[in-house]
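Student: here is my input; please provide its structure:
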Amino acid sequence: MPRMLIIADDLTGAADCGVACLGCGLRTVVVLDEYRECDADVLSVDTNTRASGPEEAATSMARLIRGQARREDLLIYKKIDSTLRGNVAVEVRAALEARRAGAGGDKRVVAVLAPAFPAAGRTTIDGCVHVNGVPLAETDLWKNERKLSPANLLDMMSESGLRSALLGIAAIRGDDLQQRMQELACEADVLLCDAETEDDLGTIADASMTLGSGTIWVGSAGLAYHLPRAGRLQSESVPRPAPVVAGPILFVVGSGSSVSRRQARFLELWPDVVSVRVAPGVLRAGKELPEWRAHQAALERAFSAAVDVLVILGTEESSDSAQEPLLARALAEMLRPFGGIVGALLATGGDTATAILRAWGIAELQIVGEVEPGLPYSVAANWRRPLPILTKAGGFGKPETLLHCREFLRALGRAEGVQTR
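Tutor: Residues are numbered from 1 along each chain as shown. Predicted coordinates:
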């Protein structure tokens, strides 16, 4: 039975948060869509609600929490996007309400919110997320989302009817943080914590344990690295599967992030990688379109030649984020025939990764390790073979990240004497 439950709104988040627990020797499993009993210390659930409406997201969150709320010893972590995409405040409120209902009326339950992820350039100052030192509201990430909600987390929580109290950097680094948290928890629903460094996050995790195990912790993958140790969830190191890349590598860039697009262009420079760019219009038109069949024929030729393939979802001048899940499912349908051929998969973008895994019949991943901060690698669990899978959030990484991943995966194959091309 799991000792820690992570609830994420997309697959890349579920995986990059789950990998944070490996350092404490915890067996970590990611499942798609619903809670299920697994032989794991940490269960990370992808609710796939990033693009859902607020009501659907809240219902999904409440259902998961209610099912586990009576287990006071279960550490619950609500994973949010480091740039606040999705239904952040709505899901936090739903989680709190469900946890409080399970705990009874005589126990105060609060959320500790620390969204910083310093390793990925995300910090929190005065309740506002910064990306590589730039306030989130001033970045293209925020502008492209066309979000109507405020970028300041205090205001965001207030819009959902939650009372928040800010613990600034001075408070986080002060000598009385535990006492301050206990005092503020008597009135506030959410304790919003600034953080700029890993030490800040470690301090928050340690101090927040005084609030009790019924607390809900909320953050990106950053805080998750510190919670198992703070909550004394350490375990003896468990055996992990040894992934083997026995075939060509498939890279799929479905994210519209400029970061991922630069990474794709960097990988395209290599002559032994076949690049296939798929226009959104082709995906909307469906498999009867000649261009659809031409793309599949090109993929089949490349895989038959044991060549690594990069598939890129094309962009449009006027894009609608609501269309992203639909396009991801159509792209996954195009890739459906090749699940039994590829030796490894790297997918960028949560919708893209989820759609491909569903198309191939993969519902569970066991986390194995991490290639870069925020870039975990897993194997398909309870499937026909332990397929190596890398998942990456669109805005994470450096220009050479995809190339680094390719070198990493090819080394796995060489280590076992398997040729990947």
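Student: first vs last residue of stretch 357-376, how far apart are they?
Tutor: 16 Å (C-alpha to C-alpha, to the nearest Å).
Student: typo on my end, it should be stretch 135-143
Tutor: 12 Å.
Student: just the buried residues of it, please?
Tutor: Leu136, Ala137, Thr139, Leu141, Trp142 (16 or more other C-beta atoms under 10 Å). (Glycine included, C-beta is placed from N, CA and C.)
Student: report the rounded mean pLDDT for it.
Tutor: What stretch 135-143 shows for mean pLDDT is 85.
Student: repeat that for stretch 58-78.
Tutor: Stretch 58-78 comes out at a mean pLDDT of 86.
Student: re the thing from before, how about the buried residues of stretch 135-143, which pair is most distant?
Tutor: Greatest spatial distance in these: Ala137 and Leu141, 9.9 Å, computed using C-beta to C-beta.
Student: tell me which residues are up against the longest strand belonging to the chain.
Tutor: As assigned by DSSP state E, the longest strand anywhere in the chain is strand 364-372. Here strand 364-372 makes contact (C-beta atoms under 8 Å, 6 or more residues apart in numbering) with 15, 18-19, 21-22, 27-32, 38, 44, 240-241, 243, 357, 376-383, 389-390, 396-397, 401, 404-405, 408.
Student: what about the buried residues of stretch 135-143, which are in helices?
Tutor: Mapping these onto helices (DSSP state H) picks out Leu141, Trp142.
Student: could you list which of the contacts of strand 364-372 belong to helices?
Tutor: Filtering these for helices - DSSP H - leaves Ala15, Gly18, Leu357, Thr401, His404, Cys405, Phe408.
Student: what's the closest of those residues to Ala51?
Tutor: Nearest to Ala51 among the ones in helices among the contacts of strand 364-372: Leu357, at 16.7 Å, using C-beta to C-beta.
Student: can you tell me the closest non-neighbouring residue to that closest one?
Tutor: Residue nearest to Leu357 in three dimensions, not counting chain neighbours: Leu32, with 6.6 Å by C-beta to C-beta, 6 or more residues apart in numbering.
Student: burial of that neighbour, as a residue count?
Tutor: 19 (other C-beta atoms under 10 Å).
Student: check Val253 too.
Tutor: Based on other C-beta under 10 Å, the number of other residues close to Val253 is 26.
Student: and Glu400, by the same measure?
Tutor: Glu400: 14 neighbours (other C-beta under 10 Å).
Student: run through the stretch 1-150 of the chain and note the low-pLDDT ranges.
Tutor: Within the stretch 1-150 of the chain, the stretches with pLDDT under 70 are 69-70, 105-106, 145-149.
Student: quick one: the strands in it?
Tutor: For the stretch 1-150 of the chain, strands defined by DSSP state E, counting those that start in this stretch occupy the ranges 4-8, 28-32, 42-46, 75-79, 111-114, 122-125, 128-131, 134-135.
Student: surely the residue nearest to Leu357 is in contact with Thr354?
Tutor: Yes - if you go by C-beta atoms under 8 Å, Leu32 and Thr354 touch, sitting 6.3 Å apart.
Student: list residues touching both of these two?
Tutor: With C-beta under 8 Å, 6+ apart as the test, Leu32 and Thr354 both reach Leu11, Asp46, Asn48.
Student: Lys79: which of those residues is nearest?
Tutor: Checking those one by one against Lys79 (C-beta to C-beta), the nearest turns out to be Asp46, at 9.5 Å.
Student: any idea how far that closest one is from Asp140?
Tutor: 26 Å (C-beta to C-beta, to the nearest Å).
Student: swap in Val371?
Tutor: Taken as C-beta to C-beta, the span from Val371 to Asp140 is 25 Å.
Student: tell me the one among the shared contacts of Leu32 and Thr354 nearest to His130.
Tutor: The closest of the shared contacts of Leu32 and Thr354, once distances to His130 are taken by C-beta to C-beta, is Leu11, at 25.6 Å.
Student: show me the contacts for the closest one.
Tutor: Val30, Leu32, Asp46, Asn48, Gly350, Ala353, Thr354, Leu357, Thr391.
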